[in-house]
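Student: Okay, here's the prediction I keep looking at, along with the sequence it came from:
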Amino acid sequence: MPAGPPAPCSTPTAASASGNAAPACRHLSALPLFPVAGLANLCYVLFTGGHLHLLGSFDPAVFVGELASRRIQLTQLVPTLIHAVTQEVSSRAEPPDLSDLTEIVYGASPIRPDLLERAVTVLGCRFRQNYASTETGPLPISSLAPQDHDPARGRLATAGRPSLGWEVRLGDQGEIQVRGAAPLPGYWRDPDATSRAVTADGFQVPGRHHRRPGAAAQRDRQGAARRAARAVPGRPGPARLVTAACAGAPAAGIRTRGSPRSASWRVPGS
């Protein structure tokens, strides 16, 4: 569903969104530019005066070749593509030179500890997870910093802490609500969907439109968010895992929804 462009962001917020990307950093993307992941990669480059090399599609061999030949420093992927890149690099008789690769930013799901360990060993770079939605624009709502990717810290199942410029809270039904850096101006020619997605006090509920629930989470004692499973009404099959960042979440965590038109919520593993 098309949404209007997010409002311009402040310089400090933009700087935090781009992680540790240095000025004139070389980026590579094989993701579409219209959803949040591809849009974010483009904006990192604009924020830092870098160079973005775009690929029309993802092919592991081509992607790894571009990483090496263009001496790429930062790229954005999802865990399944991280797995594919790791497999491609480790399968080559002569390993490619990826010594310039500094950071991989990823989203869409948490990363498995075994995949992270192997990717760090094979690719030799740091990792950062960003949580966002297309409606909130290219700025991450929360981020799991590279130092929190140590499996011993027990934070890989979280989406980290709220980013600079965002207020994050839980609604009465456990839905993530955000307000701040890039407010949603509205869904294109759909005032009803807009009114469902924005609360009276200006908090946005990412993903809540056309009677679909938003994402849910619960907060751990360190302030990092734990993932929750979302069952989409009218869609049979396993629930979809989502991640989120929540400050001030109640100790009870996720509640169960009773409305027949709403999704049922559960804590993974329960």
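Tutor: Ah, there it is. Numbers count the residues shown, from 1 in each chain.
Student: Please identify the helix or strand for V122.
Tutor: helix 113-123 (DSSP states H and E).
Student: other SSEs contacting that helix?
Tutor: helix 79-91, strand 126-131 (3 or more C-beta pairs under 8 Å, 6 or more residues apart in numbering; DSSP states H and E). Every C-beta, even on glycine, is put in place using the N, C-alpha and C of the backbone.
Student: Quick one: mean pLDDT over the longest one.
Tutor: Looking back up the chat, that one is helix 79-91. Across helix 79-91, the average pLDDT comes to 97.
Student: Need the contact partners of that helix.
Tutor: Residues from elsewhere that reach helix 79-91 (C-beta atoms under 8 Å, 6 or more residues apart in numbering): 30, 58, 60-61, 63-64, 67, 77, 95-96, 98, 104, 106, 108-112, 115, 118-119, 122-123.
Student: which among these end up buried?
Tutor: Burial by neighbour count, judged by 16 or more other C-beta atoms under 10 Å, picks out 30, 58, 60, 63-64, 67, 77, 98, 104, 106, 108-112, 118-119, 122-123 from the contacts of helix 79-91.
Student: Among those residues, which lie within strands?
Tutor: Members of the buried ones among the contacts of helix 79-91 lying in strands (criterion: DSSP state E): 77, 104, 106.
Student: what's the closest of those residues to C25?
Tutor: I104 (13.0 Å; C-beta to C-beta).
Student: so who does A145 touch?
Tutor: 128, 160.
Student: I'd like to know how far it sits from A159.
Tutor: 11 Å (C-beta to C-beta, to the nearest Å).
Student: low pLDDT regions in the chain?
Tutor: 1-21, 181, 207, 209-270 (pLDDT under 70).
Student: For it, just list every one of the strands.
Tutor: 26-29, 51-54, 74-77, 103-106, 126-131, 142-144, 161-162, 166-170, 176-180, 218-219, 225-226, 228-230, 240-242, 265-266.
Student: Now distance to A152 too, for those strands, in CSV please.
Tutor: Below are the strands of the chain laid out as CSV (distance: least, C-beta to C-beta, whole Å):
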stretch, distance to A152
strand 26-29, 30
strand 51-54, 34
strand 74-77, 24
strand 103-106, 20
strand 126-131, 15
strand 142-144, 15
strand 161-162, 18
strand 166-170, 26
strand 176-180, 27
strand 218-219, 21
strand 225-226, 18
strand 228-230, 24
strand 240-242, 23
strand 265-266, 27
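Student: For G38, which of those is the nearest?
Tutor: strand 26-29 (6.1 Å).
Student: Now do that closest one: which elements does it pack against?
Tutor: Packing partners of strand 26-29 (3+ C-beta pairs under 8 Å, 6+ apart): helix 36-48, strand 51-54, helix 60-69, strand 74-77.
Student: partners of it, with directions?
Tutor: Strand pairing for strand 26-29, determined by DSSP bridges: strand 51-54 (parallel), strand 74-77 (parallel).
Student: Residues touching it, excluding its own?
Tutor: For strand 26-29, contacts defined as C-beta under 8 Å, 6+ apart pick out 21, 38, 41-42, 44-45, 50-55, 63, 66-67, 70-76, 100.
Student: Make a PyMOL selection of the buried ones in those residues.
Tutor: Only the buried entries of those go into this PyMOL selection, using 16+ other C-beta under 10 Å:
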select buried, resi 21+38+41+42+44+45+50+52+53+63+66+67+72+73+74+75+76
